[in-house]
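Trainee: give me a 3D structure for the following:
(chains A and B)
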Amino acid sequence: MNPMEFFAVAFDALRTNRLRSALTMLGVIIGVAAVILLVSLGQGTKNYVEEQFAGLGANILIVTPGKIETRGGPPVIGAARHKLTLDDARVLEKKGYLFGGVAPVVFGTAEVRSGSRSRNVSTLGVTPEFSPVRNIYVEVGSFVTDSDVDAKRRVCILGRTVKRELFGNANALGQVVKISGARFRVMGIMERKGVSLGFDIDDIVFIPVRTAMDIFDTDALFEILISVRNKNDIASGKELARSLLFKNHNRHEDFTITNQAAMLSSLFTILDTLTYVLGGIAAISLLVGGIGIMNIMLVTVKERTNEIGIRKAVGARNRDILLQFLLESTTLSAAGGLCGALVGTLGAGAIRLLVPKIPVDVPPWAVVLAFTFSVFVGIFFGVYPARKAAALHPIEALRYE
Amino acid sequence: MGSAAASEPLLRLRGVGKVYEGEQPVVGLEDVDLDIFPGDFLAVMGPSGSGKSTLMNILGCLDVPTSGTYEIKGMPVTTLSPEALAAMRNREIGFIFQVFHLLPRYTALRNVELPLLYAGVGREERTRRAIEALRAVGVEDRKNHLSNQLSGGQKQKVAIARALVNRPSLLLADEPTGNLDSKSGEELLAILTHLNAEGATIVLVTHDLAIARNARRIVYIIDGRLVTPEEYRGLRG
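Mentor: Residues are numbered from 1 along each chain as shown, chains lettered A, B, ... in the order given. Below you'll find the model as predicted:
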């Protein structure tokens, strides 16, 4: 008996019990669709986060004041707490041969006013380096220049949202706004960047770093951003920055250097785990579908005991019977898996269409994996009923009514 | 249909016994010696519970004896594996049952094709031979009917076609007229007689002497043992 004929027999048997076959398949369909949907959700979330970080650049080191990591031992007596200063930035820039750019940042919140409209926004004091390091640029006008910084000029560059809130559609370039009561001339408007990790990059005002120090009355930096020229040098770049600052801080390590790539990779590990956990939970429902198959196959074997007896009487061997029932359960699960793959993929598409805010991306491997798994579920849960059928004694099977 | 020489028996049973194991072992057959030659038409006659079903099951390779030897065409059956027994049933035996045992949701044609399916015969050849077998018993026009749409007589004819289709050495009929009206029963016996005349070896198991008389030879069985006609009459009162 060739495989196609076994298949035809199995298909026939399933067709005679259409409703029952469909209901049994439903268990597998739901399982496979759930696996695909949940994995797609996990994958979509990961892709979403990746996108959000993409603009940030993976080759950026961030130096912040204070030591976050504790290396044990009590604080050394007399250890002075140093701030990060423009001098640190200058040292990093001068001696940091691995660095593409060094951007010191002062951070504050200020009221920005134009005429009768005002808005409280994050205000960043920056140098010209900030733009290439952070990979955001002005759309019109110009960014902060070196001479702006040196001369402590009162100029500002507005983010998109700030510009719209204060000026609407009117031209803002060359206009005067008041930041914390001081008059600033608008030199440029930033390009639209959107929300990144819940932080609205468009709702920011940029001013020269020294000007910001005056306004906020501080000589301390919020952070120093460093771009490493070559991606492979991130680790050595980090070490270079550490040793330069260590020396500049009288041999105190009172700063922290984090890098984007390390942060990202641990975040991705978490998201990957999340994807697997979601997929695993969904796989349990696929297993339940498998138990449904086993259940219905046991009923089928019981019902068709007489048929098994007849087949054996006319010469079916045990393995013919085994294969017939195994193929039946596998056909059930494979058909269910196919439908489930379709439902899952279409479902993911529907979610993307109807609720664009939920990130879903269907990875092809998930579809293949879920389908393959469903086929194996059919084989696994079909073996016991099929063996039971094959082991029936022909005489007893024939006598069974 | 048997290819062995006339002097060689097709089936040879020597001291065949069957004991059903259990808390109280039951003796099904005891010390049966029987030779069946090619072209025989043998009736096994006995009341219910006499062991004739056990004998038929052993003759048909559905079961193996617990003692003695059984050979088909000189080949010992007693020691065969379940798989080899299945092949033996497929090639050498054609069954005709009292309750027909057709697959209800299959057409007559597909029922008749079944033994060929397990013999590994290709689709076209299978259909051709099945139609041929249906024609031989006169129900070719019913080939596309589902078997549960057929009358009893038609069902039994389809069953005969199925038994014949793989050209077995032996036709085994177990009370084949038991579920038929007398007219269909007579028709069926006529078919069997005709097949025997054409060379088929037939063993007919029945409790009815009128049916058994259609055979050329009758053996009597009571309490699992073959007995002489005189003994049989004595025991049956």
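Trainee: quick check: the residue of chain A nearest chain B.
Mentor: Closest residue of chain A to chain B, C-beta to the nearest C-beta: A:G315 (2.4 Å). Backbone N, C-alpha and C define where each C-beta goes, glycine included.
Trainee: three-state assignment of the closest residue to that residue other than its chain neighbours?
Mentor: The shortest distance from A:G315 to any non-neighbouring residue, by C-beta to C-beta, 6 or more residues apart in numbering or on different chains, is to B:N90 (2.4 Å). Of the three states, B:N90 takes helix under DSSP: H, G, I helix; E, B strand; the rest coil.
Trainee: could you measure from B:N90 over to A:D272?
Mentor: Distance of B:N90 to A:D272, computed by C-beta to C-beta, to the nearest Å: 56 Å.
Trainee: before we move on, back to that, am I right that the residue of chain A closest to chain B is in a helix?
Mentor: No. The assignment for A:G315 by three-state DSSP gives coil, which leaves it out of any helix.
Trainee: which parts of the least confident helix or strand in chain B by mean pLDDT are buried?
Mentor: None of the helices or strands of chain B scores lower by mean pLDDT, DSSP states H and E than helix B:229-236, at a mean of 84. Neighbour-count burial for helix B:229-236 flags B:Y232 (criterion: 16 or more other C-beta atoms under 10 Å in any protein chain shown).
Trainee: and that helix, how far from the chain's centre?
Mentor: From the chain centre to the centre of helix B:229-236 is a distance of 25 Å (C-alpha atoms, centre = their mean, to the nearest Å).
Trainee: residues in contact with it?
Mentor: With contact meaning C-beta atoms under 8 Å, 6 or more residues apart in numbering or on different chains, helix B:229-236 is reached by B:M45, B:P47, B:I218, B:Y220, B:I222, B:V227.
Trainee: so what's the last one closest to, chain neighbours aside?
Mentor: Yep, that's B:V227 we're talking about. Among residues not flanking B:V227 along the chain, B:Y220 sits closest, at 5.1 Å (C-beta to C-beta, 6+ apart).
Trainee: pLDDT value on the one you found, please?
Mentor: In this prediction, B:Y220 carries a pLDDT score of 94.
Trainee: what does the one 3 residues further on give?
Mentor: In this prediction, B:D223 carries a pLDDT score of 91.
Trainee: confirm for me that it is in contact with B:G51.
Mentor: Yes. Contact criterion C-beta atoms under 8 Å: B:D223 and B:G51 qualify, at 6.9 Å.
Trainee: okay, and the common contacts of the two?
Mentor: Residues touching both B:D223 and B:G51 (C-beta under 8 Å, 6+ apart) are B:E30.
Trainee: neighbour-wise, which of those two wins?
Mentor: B:G51 (23 against 15; other C-beta atoms under 10 Å in any protein chain shown).
Trainee: how much space between the more buried one and chain A?
Mentor: According to C-beta to the nearest C-beta, to the nearest Å, B:G51 and chain A sit 14 Å apart.
Trainee: mind listing what the closest residue in space to that residue that isn't next to it in sequence touches?
Mentor: Nearest residue to B:G51, sequence neighbours excluded (C-beta to C-beta, 6+ apart): B:G224, at 3.8 Å. Contact analysis of B:G224 by C-beta under 8 Å, 6+ apart lists B:G17, B:K18, B:V27, B:G28, B:L29, B:E30, B:V32, B:S50, B:G51, B:T54.
Trainee: hmm, try it at 6 Å
Mentor: B:V27, B:G28, B:L29, B:E30, B:G51 (C-beta atoms under 6 Å, 6 or more residues apart in numbering or on different chains).
Trainee: give me the phi and psi angles of the fourth one.
Mentor: In other words, B:E30. For B:E30, the backbone dihedrals (degrees, to the nearest 10) come out as phi -140, psi 120.
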